[in-house]
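A.B. asks: Would you be able to build a 3D model of this:
(one chain, ligands or ions: 1)
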Amino acid sequence: MRKGLLAAALSMSVLVPATAADTATAEAASAPTRAQTQTQAQTQAQTQAQTADAIAKASWFKVTPVDEAWIRALPMDATAATQAYMDRIPAPVLQRSNAYYEGGYWLQLWHLLLGLAVAAVWMSGRRSARVRDWATRVGRGPLRRDFLFSAVYLGIGALVSLPLTAYEEWWREHAYGMATQTAPAWLIDWLVASTINLLIGAVAFVGLYALMRRARQNWWAWGAVGAMVLLTLVIAISPVVFEPMFNTYKPVEDGPLKQSLLRMAQATGVPAHDVLVFDASRQTTKVSANVSGLFGSAAIRLNDNLLRRTTDAEVRAVTGHEMGHYVLNHIPKMLMMLGMVLLVGFLVAKVVMNASLRRTSAASGVEDVADIAGLPLLIAIFSIFFALATPITNTMIRVQEAEADQFGLALSREPLAFAEGQLRLVEYRKADPGRLEEFWFYSHPSTRSRIFAAMRWREAMNAAGAQP
Ligand SMILES: [Zn+2]
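C.D. replies: Got it, this is the predicted structure:
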């Protein structure tokens, strides 16, 4: 599920109209039979949360706890204070965290190579052309033909990569003590996500090939525009349509914390009327949060692990960061930057497609660019392009993340809680990478960079007399 279009959209996370919150409130207030189901759901949620906490407690991941005296003795100098935080990660913990994160680099490569191998098998020995001929017979009409072909291609691709995906998302997550799901539960999630990916992907390719037939030489430009429209749409609907398929979202219980978060929203003009919590503990022990919203509505969404296991100050620091994404218009800006990358990607795809079809069309049976039988080649070209563009797309995101950090510090005024929260994330993100490594692989600044930014804020504000 973390791969593909839906995943890209989910990780960016956007529009959640207040409807999600409204529905939940309306549900809680309806018929008595509903109340019974509610209780069952609550018990189930509690069991999930307890399981997640037990797994987290038994985990290898521990940073050295500190007391008030440590905090009082923390140097005001940003570099020294950052080092004091980094020193709280024991060497074996650091090693294991590095191994987990670096394993992710290799997994990116294996996924790429597997995808290319699948494409190569399809394109050799006229296999792709034969599937196209079958889709032409069964589909009757270009739209249904292209849909059938794309669905078969994406379906086989998902099945072939299932072992690698299961290793990455289920087995490995359990090995590192972060997963909470049983294999069947994980498999159901995978099935749902793969079906959504397959349907969205197949519809997208039907549209793309219709564009190719119509726009001929200019298909790449129209293709990029179409991809942008689709991406925006998926991002807009996924918080209300797709994400509730995997997790339950409901309002956070009333109390001082919720009031304080809503006041922060009010102060910064984030149009959020409620704070939602979702049961991430159903899948993982990791902590996270996000703010989604477009077009004058927003939702603050915290994961239940964060709410249970961290202090209120940490939740405020995290939420301040998430509000930064909203206030700084990060999603529209990201879409515009991605549009540029997509435009280049489509142009590259056109040039490479034309060049390779001239050479191979006799052997592969693919007639021209607008022939759906060339889809495996087209997807392969895009995979290589986006793999090579990784440092660019990651840098685009990482810059925004650093901006959101700055915004969050200024809003929450919790540099220490922010730093404490960053230490938690070392469970799944290597704390202290090399510069080139951070440039290529990091979608967020490294732990050291983020803690340093917080300590620099603290030092400067202290010098300015604005922070105790
Ligand atoms: Zn962020």
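A.B. asks: Next, count neighbours for residue 361.
C.D. replies: Residues lying near residue 361 (other C-beta atoms under 10 Å) number 16. To be clear about C-beta, it is placed using only N, CA and C from the backbone, and glycine gets the same treatment.
A.B. asks: just the strands in the chain please.
C.D. replies: Listed from the start of the chain, the chain has strands (DSSP state E) covering 249-251, 272-278, 289-292, 298-303.
A.B. asks: I'd like to know which elements the first one is packed against.
C.D. replies: When you say that, I think you mean strand 249-251. Counting contacts by 3 or more C-beta pairs under 8 Å, 6 or more residues apart in numbering; DSSP states H and E, strand 249-251 packs against helix 19-29, strand 272-278.
A.B. asks: Compare those and say which comes out lowest on pLDDT.
C.D. replies: Looking over the helices and strands packed on strand 249-251, mean pLDDT reaches its minimum on helix 19-29, with a mean of 34.
A.B. asks: ok, back up a step: which one of the strands of the chain lies closest to residue 415?
C.D. replies: Evaluated with C-beta to C-beta, those place strand 289-292 nearest to residue 415, the distance being 17.9 Å.
A.B. asks: That closest one packs against which elements?
C.D. replies: If contacts are counted by 3+ C-beta pairs under 8 Å, 6+ apart, strand 289-292 sits against strand 298-303, helix 312-327.
A.B. asks: which bits of the protein sit near the ion?
C.D. replies: 401, 404 (C-beta under 5 Å from the ion).
A.B. asks: Please put the alpha-carbon coordinates of stretch 45-54 into PDB.
C.D. replies: Extracted C-alpha coordinates of stretch 45-54, given in PDB (Å, rounded to 0.1, in the frame of the first residue of the first chain):
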ATOM      1  CA  ALA A  45     -10.000  -0.400  20.000                       C
ATOM      2  CA  GLN A  46      -8.800  -0.800  23.600                       C
ATOM      3  CA  THR A  47      -7.400  -4.300  22.900                       C
ATOM      4  CA  GLN A  48      -5.600  -3.000  19.900                       C
ATOM      5  CA  ALA A  49      -4.100  -0.200  21.900                       C
ATOM      6  CA  GLN A  50      -3.100  -2.500  24.700                       C
ATOM      7  CA  THR A  51      -1.400  -4.900  22.200                       C
ATOM      8  CA  ALA A  52       0.400  -1.900  20.600                       C
ATOM      9  CA  ASP A  53       1.600  -0.700  24.000                       C
ATOM     10  CA  ALA A  54       2.800  -4.100  25.100                       C
END
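A.B. asks: That one: which residues count as buried?
C.D. replies: Neighbour-count burial for stretch 45-54 flags 45, 48-49, 52-53 (criterion: 16 or more other C-beta atoms under 10 Å).
A.B. asks: From the residues you listed, pick the one nearest the ion.
C.D. replies: For the buried residues of stretch 45-54, the closest approach to the ion (C-beta to the ion) belongs to residue 52, at 22.0 Å.
A.B. asks: mind checking which of the helices and strands packed on strand 289-292 is nearest residue 119?
C.D. replies: For residue 119, the closest of the helices and strands packed on strand 289-292 is helix 312-327, at 35.2 Å, according to C-beta to C-beta.
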